[in-house]
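Trainee: Attaching a predicted model along with its sequence, questions to come.
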Amino acid sequence: MSGTRRSYNEDYKRQTVKYIQEQTKSVAELALELDIPAKTLHKWLGQYRQFQDEPIVTPDKYRELERQLKEREEQLADLTEEMAILKKAVHIFSNPKN
């Protein structure tokens, strides 16, 4: 099956839970990153979670912020393009015709 069983001390578990709570990644992503089964991490969260360590930004809020950022980046790109066009227009119309 899975081979040897690893054991972790209490301090490691508490530090891991704190790390999980500070991240905006899902538990599944962190399980892969830490090479610890997601089921084990959920169990540790149930035992050692301290709510004052919870991130201010929840995963849903994070996705919303990412969407807003993408929207703003698109607006910036549009405005940058408009400004380039206006600069060319000013240059063209500011030159006196001979």
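Mentor: Perfect, thanks for sending it. Numbering: from 1, shown residues only.
Trainee: got the buried residues for stretch 36-52?
Mentor: 36, 41, 44, 48 (16 or more other Cβ atoms under 10 Å). C-betas here are computed from N, CA, C, even on glycine.
Trainee: Could you give the average pLDDT over it?
Mentor: Averaging pLDDT along stretch 36-52 gives 85.
Trainee: Show me the contact partners of it.
Mentor: The contact list for stretch 36-52, computed with Cβ atoms under 8 Å, 6 or more residues apart in numbering, reads 13, 14, 16, 17, 18, 20, 21, 27, 28, 30, 31, 34.
Trainee: With respect to residue 63, which of the buried residues of stretch 36-52 is nearest?
Mentor: Nearest to residue 63 among the buried residues of stretch 36-52 is residue 41, at 21.0 Å by Cβ to Cβ.
Trainee: about what we covered before: mind putting the contacts of stretch 36-52 in JSON lines, distance to residue 73, secondary structure and neighbour count included?
Mentor: Formatted as JSON lines, the contacts of stretch 36-52 follow (distance: Cβ to Cβ, whole Å; DSSP: H, G, I helix; E, B strand; the rest coil; neighbours: other Cβ atoms under 10 Å):
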{"residue": "13", "distance to residue 73": "40", "secondary structure": "helix", "neighbour count": "18"}
{"residue": "14", "distance to residue 73": "39", "secondary structure": "helix", "neighbour count": "15"}
{"residue": "16", "distance to residue 73": "34", "secondary structure": "helix", "neighbour count": "19"}
{"residue": "17", "distance to residue 73": "34", "secondary structure": "helix", "neighbour count": "19"}
{"residue": "18", "distance to residue 73": "32", "secondary structure": "helix", "neighbour count": "14"}
{"residue": "20", "distance to residue 73": "29", "secondary structure": "helix", "neighbour count": "22"}
{"residue": "21", "distance to residue 73": "29", "secondary structure": "helix", "neighbour count": "16"}
{"residue": "27", "distance to residue 73": "29", "secondary structure": "helix", "neighbour count": "16"}
{"residue": "28", "distance to residue 73": "28", "secondary structure": "helix", "neighbour count": "11"}
{"residue": "30", "distance to residue 73": "27", "secondary structure": "helix", "neighbour count": "16"}
{"residue": "31", "distance to residue 73": "31", "secondary structure": "helix", "neighbour count": "18"}
{"residue": "34", "distance to residue 73": "32", "secondary structure": "helix", "neighbour count": "14"}
